[in-house]
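Enquirer: structure of the sequence below:
(one chain, ligands or ions: 2)
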Amino acid sequence: MASASAALTAAVSLPSSKSSPLPTRTSITSLERIGFSKTCLYYRNVSIRGRVVSIRAQVTTEAPAKVEKISKKNEEDVVVNKFKPKNPYTGRCLLNTKITGDDAPGETWHMVFSTEGEVPYREGQSIGVIPDGVDKNGKPHKLRLYSIASSALGDFGDSKTVSLCVKRLVYTNEQGEIVKGVCSNFLCDLKPGAEVKITGPVGKEMLMPKDPNATIIMLATGTGIAPFRSFLWKMFFEKHEDYKFNGLAWLFLGVPTSSSLLYKEEFEKMKEKAPNNFRLDFAVSREQTNEKGEKMYIQTRMAQYAEELWELLKKDNTYIYMCGLKGMEKGIDDIMVSLAAKDGIDWAEYKKQLKKGEQWNVEVY
Ligand SMILES: Cc1cc2nc3c(=O)[nH]c(=O)nc-3n(C[C@H](O)[C@H](O)[C@H](O)COP(=O)(O)OP(=O)(O)OC[C@H]3O[C@@H](n4cnc5c(N)ncnc54)[C@H](O)[C@@H]3O)c2cc1C
Ligand SMILES: NC(=O)c1ccc[n+]([C@@H]2O[C@H](COP(=O)([O-])OP(=O)(O)OC[C@H]3O[C@@H](n4cnc5c(N)ncnc54)[C@H](OP(=O)(O)O)[C@@H]3O)[C@@H](O)[C@H]2O)c1
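Expert: Residues are numbered from 1 along each chain as shown. Ligands and ions are numbered 1, 2, ... in the order given. A predicted model of the protein is given here:
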């Protein structure tokens, strides 16, 4: 944890961002919002039992200036695939530190690589890593994707590094042999100074909304926290001329044990800095249960705030992001189905609209 907190100190005193001005915009929304001085009415067209109707959520907060929605798919200055597998960028490991406790089930490492500014990524993107060595056929290993865990400025604030949060994969196969995942073990074993072959950056699904007044609900299991650490550093630890977050960021993080809570101290620091703009909820599956005695998964924790989450979801500047284990998607869908049903709304249809408006963003596997 020591190195991660050193990086944190570096970031808190960051200079202003040098990020480029907003690109040309493309409006993506068919939703309407009608604003009154201090009260906003948000409308969304939804299909209820075959009929299209408008539903409304009233939010009695200071009405923020309306920010035009920009489709992240059309943002012009988002770089993708600058480095391809045949011609990867070679960075160096600057730091690699285990961020789970010794008694945690499995190890997760936080690592920082040098890029010299040559791999210009955005919060929410991923990079590929090509591990050293060859596969069983003597061919170079294929790349594996990893969500970037640092903001675009990087952990040292100079836009010259990229960080990852990697779980060491170790499992027992059907023959009873212990198998180690190729790339995750290569990464977790990297020593400072070692070279690492990087491809990308890739991905637009998880890019952050531009709106600094947005409500951003982040749902992570395990290393699925990576893109959200990236978002949250930009929101709470950095100064940007073109982005001053003043919305609500709400993070739900699901892990097996308290010794596997990732970046907990950083998130608590953010909460101290911005208590009105950041909410933090953990679901520790092997230590906590709900009032019915059920295992505390991320969706179990979310269910405790069901009504509040549902109200937030009716606003057209609420964005949900989900990252981590594939299984979490169904669990979260299940609670949404019952919430939507209370308002007579078909969740599948509603989710389609949210996806279209880029308000429902999922990267699970
Ligand atoms: C967009 C994206 C982002 C990602 N981000 C991250 C991230 O931020 N952090 C992170 O740690 N990972 C992330 N991953 C996962 C990562 O890409 C690798 O898949 C992971 O590290 C395992 O790779 P490996 O080379 O270590 O394992 P491999 O050598 O590729 O072995 C994996 C294979 O082992 C087998 N296997 C795995 N578990 C078991 C089991 N329990 N029983 C039997 N067989 C099994 C499966 O066949 C599996 O395909 C991400 C994946 C994607 C697609
Ligand atoms: N973008 C991506 O696609 C992306 C990014 C990052 C990571 N990943 C992948 O996501 C996975 C994260 O695994 P991890 O090992 O880091 O996590 P982990 O530390 O094992 O934590 C996962 C947590 O999710 C819980 N969980 C298990 N099944 C669930 C379900 N159906 N619904 C909700 N919660 C559930 C686990 O509970 P129990 O174990 O107690 O059952 C545990 O508390 C890895 O496979 C990683 O490679 C993908």
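Enquirer: test my guess that residue 304 contacts residue 290.
Expert: Yes - assessed by Cβ atoms under 8 Å, residue 304 is found in contact with residue 290 at 7.2 Å. C-beta coordinates here come from the backbone N, C-alpha and C atoms, glycine included.
Enquirer: how is this structure divided into domains?
Expert: 7-60, 89-202, 215-364 (automatic domain parsing).
Enquirer: I'd guessed residue 346 sits against residue 340; true?
Expert: Yes - with contacts counted by Cβ under 8 Å, residue 346 reaches residue 340, the gap being 6.9 Å.
Enquirer: okay, these two: which has more neighbours?
Expert: residue 340 (20 against 16; other Cβ atoms under 10 Å).
Enquirer: can you pull the contacts of that one?
Expert: Residue 340 is in contact with 310, 346-347, 350, counting by Cβ atoms under 8 Å, 6 or more residues apart in numbering.
Enquirer: rerun at 10 Å
Expert: Each residue near residue 340 by Cβ atoms under 10 Å, 6 or more residues apart in numbering is listed here: 46, 48, 310, 313, 346-351.
Enquirer: ok, which of the domains of the chain comes nearest residue 81?
Expert: domain 89-202 (6.3 Å; Cβ to Cβ).
Enquirer: start and end of that closest one, how far apart?
Expert: End-to-end distance for domain 89-202: 14 Å, by Cα to Cα, to the nearest Å.
Enquirer: gap between residue 132 and residue 187?
Expert: Distance, residue 132 to residue 187, by Cβ to Cβ, to the nearest Å: 11 Å.
Enquirer: which one of these two has more residues nearby?
Expert: Neighbour tally, residue 132 and residue 187, criterion other Cβ under 10 Å: the higher count belongs to residue 187, 23 against 14.
Enquirer: what mean pLDDT does the helix or strand hosting the more buried one have?
Expert: Using DSSP states H and E, residue 187 maps to helix 182-188. Mean per-residue pLDDT for helix 182-188: 98.
Enquirer: just stretch 144-164 next, same as before
Expert: On average, the pLDDT along stretch 144-164 is 98.
Enquirer: ok now it, how far from the chain's centre?
Expert: 13 Å (Cα atoms, centre = their mean, to the nearest Å).
Enquirer: show me what counts as buried in it.
Expert: Residues 144, 146-157, 159-164 are the ones in stretch 144-164 that count as buried (16 or more other Cβ atoms under 10 Å).
Enquirer: from the contacts of residue 340, list just the buried residues.
Expert: Buried among those (16+ other Cβ under 10 Å): 46, 310, 313, 346-347, 350-351.
Enquirer: let me know the closest of those residues to residue 178.
Expert: The closest of the buried ones among the contacts of residue 340, once distances to residue 178 are taken by Cβ to Cβ, is residue 351, at 40.0 Å.
Enquirer: contacts only, for the closest residue to ligand 1 within the chain.
Expert: Distances between the chain and ligand 1 by Cβ to the nearest ligand atom are smallest at residue 181, namely 2.2 Å. Neighbouring residues of residue 181 by Cβ under 10 Å, 6+ apart: 131, 144, 166-171, 187-188.
Enquirer: packing partners for the helix holding residue 187?
Expert: Other helices and strands packing on helix 182-188, by 3 or more Cβ pairs under 10 Å, 6 or more residues apart in numbering; DSSP states H and E, are strand 89-98, strand 108-114, strand 126-130, strand 144-147, strand 161-167, strand 170-172, strand 178-180.
Enquirer: where does residue 327 fall, phi/psi-wise?
Expert: Backbone geometry at residue 327, expressed as degrees, to the nearest 10, gives phi -60, psi -30.
Enquirer: put the alpha carbons of the helix holding residue 187 into PDB.
Expert: Extracted C-alpha coordinates of helix 182-188, given in PDB (Å, rounded to 0.1, in the frame of the first residue of the first chain):
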ATOM      1  CA  VAL A 182       0.100 -16.400 -18.500                       C
ATOM      2  CA  CYS A 183      -0.200 -12.600 -18.700                       C
ATOM      3  CA  SER A 184      -1.500 -11.800 -15.200                       C
ATOM      4  CA  ASN A 185       1.400 -13.700 -13.700                       C
ATOM      5  CA  PHE A 186       3.800 -12.000 -16.000                       C
ATOM      6  CA  LEU A 187       2.500  -8.600 -14.900                       C
ATOM      7  CA  CYS A 188       2.200  -9.300 -11.200                       C
END
